[in-house]
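[1] Structure for this input, please:
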Amino acid sequence: MTNIEQKTVNAIRILAADAIQKANSGHPGLPLGAAPMAYELFRNYLNFSYKNPYWANRDRFILSAGHGSALLYALNHLFGCGISLQDIKDFRQFGSKTPGHPEYLHTPFVEATTGPLGAGIGMAVGMAMAQAHIASVFNKPEFPIVDNYTYVLCGDGCMMEGISSEAFSMAGTLKLDKLIVLYDSNKITIEGSTDLTFTEDVEKRMQAFGFQTLTVEDGTDMAAIGKAIAQAKAEKTKPSFITVKTQIGYGCPAKQGKANSHGEPLGEENIVEMRKCLGWEYEEPFFVPEDVYENCKKIALQKSEKEDEWNRLFADYCAKFPEMKTLWDKYHDENSASNLISNQDFWEAGDSACATRAASGNILNKVKDILPNLMGGSADLGPSNKTYLKDAGTFCSEDYSGRNIHFGVREQAMAAIANGMLLYGGLRVYCATFFVFSDYLKPMARLSSLMELPLTYVFSHDSIGVGEDGPTHQPVEQLAMLRSMPNFTTFRPADSTETAAGWYYALNSKKTPCALILTRQNVPVCANSKKEGALKGAYIIENETKAIPDAIIIASGSEVELSIKARQELLKDNIDVRVVSMPSMEIFDAQPQEYREAVLPKAVRKRVAVEALSSFGWSKYVGLDGKTVTMDTFGASAPAKVLFEKFGFTVDNVVKQVKSIL
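    A predicted model of the protein is given here:
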């Protein structure tokens, strides 16, 4: 290691420690210990362009151990990647580019929002999968236009979280050779030594998953780290896992190797001692000597030439294969689904009753040829979720061109992987499971919302309509949970027409994930269901005959049909009600006030909400004078028809509840 290399590594350490100290908040341990491996990666292996954070063939670097964000910010500052010295000084302050954990879209050159440990691993696997698929579609002999690697830096905490095992198991099965994991193995967590809770042989576990495993005994030995990365890149049949043994808080004598260096500032006196220990002769906080900047600038300029080379290669590719250029543009056109609004076949609902999950499956297979970049799958529930794309092949180690993904029973990793695939770019992605198991993947759905990723979640078996499988499989509170999440759209359609509207919304969303909540049981096509109304979140599906209705019934999903039948019974007693179908609260709430008033006029305070899920959240529509016919207990094991009757989802009970408020 030359003097300038060691000096640059120490500059990374000092910047991170000073930023955390100034903020009086943060995690210095990882940046101090992992600085050599991160610098070696950025210096000799990571292809990036400081001029263009979105260069298509850049290598992806994901800091799964997101609490070590000061490391990433220091690197990005030194290499000229959109972070100023003032940004470093503003670490963890309101509105700064340098938040406590890396945030996609908020900070330049951040590939994914990380922090929940292990999530970055799942997203990295998704990026590697997306790379493999797009490469299989577009690469030609002598034209490897999609040829990048995905690197992820993780720590002991990431390795303990179950999501990492889910994701790594899938990565090994798929033989994703362009996925390289750097494991910062410092054997310390917040509570102390990992020997308290984590004594497994990590390398053997990774070998069992199907990874090449490499070990660097000294985390300060950049030559050994570089040799391991080179070996990883040379492996063409499996992903690679590099254990780099480091010391947390390296260079700070009072805290090196100790748990208290993980998540608290080092302290002014300790930073003074650290400067002495590292041989850092500059006392001024945040000072970076000019030769360090020059070293990093030279490296960054060399890296940017990779983009220039790729641009020339891509231009030649487009000239030789114009049909592939057309396809490339289609893959990267975020408006490619907008024409579905006028596609009659897409909106054709038919006359037969069917489950909305089946309607969803039919719609998917209508759009798969219109949207060649649409791919996804289910957590081992494809036949039940109806998410299989016919004649589109299976994504597997033998054929990465397949568009059907078998995620296995891995709900949380599935969602993280799907997020990663969207982050990679060029794809429209969906994932699916039973609605009750949205509990397993909710943290990753939250990251979808935070990152503004328009991922489509397909959740079937949406209520006690699951039937005999009983309460463990019958969602009750899950819809309220998802409705409470910012920047997340739920859509529970009443029939095939509304299901098409849900898919249209999801496929045209730019910044918001959408969950389609679908029935197991058959539902009829409602006579007055309308795509235009459904696309506004709620609309009048059955109108009153009076000037002002006596009451309003608001329903979603399979309960819309029930509410329409209840209205017919109420008319026999000269009670004239309006029925509103509300597939999406979020979309309705975003409509102009005039429209919302037209559908739910404030003057009509007598309202009943009907939904075979929790009442939580309905009060804003039914008010103090209204009632709900909902599920505020767990379900039971019995045929669906029996359960709907036992829990009050009958015409008689809806009629009774309406009459009770009049």
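
[2] Which residue ranges of the stretch 351-500 of the chain form strands?
    354-355, 374-378, 404-406, 428-434, 456-460, 489-491 (DSSP state E, counting those that start in this stretch).

[3] Nearest residue to residue 588 in space, please, no chain neighbours.
    Using Cβ to Cβ, 6 or more residues apart in numbering and skipping residues adjacent in sequence, the residue nearest residue 588 is residue 537, 3.0 Å away. Any C-beta I mention is one placed from the backbone N, CA and C, and that applies to glycine too.

[4] How about residue 236?
    Residue 236 sits nearest to residue 177 (Cβ to Cβ, 6+ apart), 5.2 Å away.

[5] need the contact list for that neighbour.
    235-240 (Cβ atoms under 8 Å, 6 or more residues apart in numbering).

[6] How about residue 154?
    Counting by Cβ under 8 Å, 6+ apart, residue 154 has contacts 64-65, 118, 120-121, 164, 181-184.

[7] Take those residues and lay them out in TSV including secondary structure, neighbour count and distance to residue 559.
    Shown next, in TSV, are the contacts of residue 154 (DSSP: H, G, I helix; E, B strand; the rest coil; neighbours: other Cβ atoms under 10 Å; distance: Cβ to Cβ, whole Å):
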residue	secondary structure	neighbour count	distance to residue 559
64	coil	32	42
65	coil	29	45
118	coil	28	38
120	helix	30	40
121	helix	32	40
164	helix	27	40
181	strand	28	47
182	strand	29	51
183	strand	28	50
184	strand	26	51
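
[8] From these, pick the one nearest residue 408.
    residue 164 (14.8 Å; Cβ to Cβ).

[9] Now do the contacts for that closest one.
    Contacts of residue 164 by Cβ under 8 Å, 6+ apart are 118, 121-122, 154, 158.

[10] Next one: it from residue 123, what distance?
    To residue 123, residue 164 is 12 Å away according to Cβ to Cβ, to the nearest Å.

[11] Tell me if I'm right that residue 210 and residue 175 touch.
    Yes: using Cβ atoms under 8 Å, residue 210 makes contact with residue 175 at a distance of 6.8 Å.

[12] Which residues are in contact with each of these two?
    Common neighbours of residue 210 and residue 175 (Cβ under 8 Å, 6+ apart) are 238-239.

[13] hang on, the earlier thing: list buried residues within the contacts of residue 177.
    238-240 (16 or more other Cβ atoms under 10 Å).

[14] where along the stretch 101-250 of the chain do the helices fall?
    Ranges of helices within the stretch 101-250 of the chain are 119-138, 156-160, 162-174, 202-209, 222-234, based on DSSP state H, counting those that start in this stretch.

[15] For those, give me CSV that also has mean pLDDT and distance to residue 470.
    Formatted as CSV, the helices of the stretch 101-250 of the chain follow (pLDDT from 0 to 100; distance: least, Cβ to Cβ, whole Å):
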stretch, mean pLDDT, distance to residue 470
helix 119-138, 98, 30
helix 156-160, 98, 32
helix 162-174, 98, 25
helix 202-209, 98, 34
helix 222-234, 98, 47
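
[16] I'd like to know which of these is closest to residue 646.
    Residue 646 lies closest to helix 162-174 among the helices of the stretch 101-250 of the chain, at 36.2 Å (Cβ to Cβ).

[17] Buried residues of that closest one, list them for me.
    163-172, 174.

[18] could I get these as a markdown table with distance to residue 98?
    Converted to a markdown table, the buried residues of helix 162-174 look like this (distance: Cβ to Cβ, whole Å):
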| residue | distance to residue 98 |
| --- | --- |
| 163 | 26 |
| 164 | 26 |
| 165 | 31 |
| 166 | 31 |
| 167 | 27 |
| 168 | 30 |
| 169 | 34 |
| 170 | 33 |
| 171 | 30 |
| 172 | 35 |
| 174 | 35 |
